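*Asks:* What follows is a predicted structure for the sequence shown.
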Amino acid sequence: YKARDPRNIVDMERMMKAVERQGNDANACNADDFGDIIIDPRGSTFDKAHMPGAINIPYRTIVTDDDTLKFRPKEELEALFKEAGVDINTNRNIMLTCGSGVSVCHLWVALAECGRDNADKTFVYDGSWAEWGAEEATPKV
């Protein structure tokens with residue numbers, strides 16, 4: 001498959017730049033004057049290893065308990081992002097990643113449901129952890 005309009009898709013090289021701007025402090029990505037925000041929705045595998053500076057907002061927290069295909073109400077999603085230190089209206093780039101490039105799309109929709117309309121500042125790393133974790137040269141926490 002080849003994306004027809006990949007303007008919001010980033011590769012490993014671009015994610016490496018985002019991580020380098022983060023430093024190794026997970027709280028640094030919440031500072032107003034810092035670089036890109038990286039969000040990863042993986043569940044328990046996030047704790048085993050992840051990109052430096054990534055914020056974990058587990059997929060299960062953005063969907064309802066009884067239907068994993070149904071998003072939580074907008075107010076609950078907004079509270080989840082706020083609790084994680086993510087300002088959905090920021091002008092900073094928000095970089096989305098996950099395990100294999102699937103649940104990252106749910107994060108995109110959750111951000112849109114909350115009113116993030118800055119499509120030029122929201123990106124999906126489709127290689128995700130499957131690519132990042134397999135590459136020896138990529139930093140991991």
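*Replies:* Thanks, I have the structure now.
*Asks:* backbone phi and psi for the residue lying closest to residue 141 once chain neighbours are set aside, please?
*Replies:* Nearest residue to residue 141 in three dimensions, chain neighbours excluded: residue 52, at 5.0 Å (C-beta to C-beta, 6 or more residues apart in numbering). C-beta coordinates here come from the backbone N, C-alpha and C atoms, glycine included. In terms of degrees, to the nearest 10, the main-chain angles of residue 52 are phi -60, psi 130.
*Asks:* From residue 15, how far out is residue 52?
*Replies:* 11 Å (C-beta to C-beta, to the nearest Å).
*Asks:* Name the residue in these two with the higher neighbour count.
*Replies:* A direct count of neighbours by other C-beta atoms under 10 Å for residue 52 and residue 15 places residue 15 higher, at 22 against 19.
*Asks:* Tell me who's in contact with the more buried one.
*Replies:* Contacts for residue 15 (C-beta atoms under 8 Å, 6 or more residues apart in numbering) come out as 38, 51, 95, 97, 125, 127, 132.
*Asks:* Pretty sure the last one sits against residue 95.
*Replies:* No: contact status for residue 132 versus residue 95: not in contact, 11.7 Å apart, counting by C-beta atoms under 8 Å.
*Asks:* Need the overlap of contacts for those two.
*Replies:* 15, 125.
*Asks:* Neighbour count for the two, which is higher?
*Replies:* Taking other C-beta under 10 Å, residue 132 and residue 95 do not tie; residue 95 has more neighbours (28 against 21).
*Asks:* can you confirm the more buried one is in a strand?
*Replies:* Yes: under DSSP: H, G, I helix; E, B strand; the rest coil, residue 95 falls within a strand.
*Asks:* So it sits against residue 127, correct?
*Replies:* No: look at residue 95 against residue 127 with C-beta under 8 Å: they stay out of range, at 11.9 Å.
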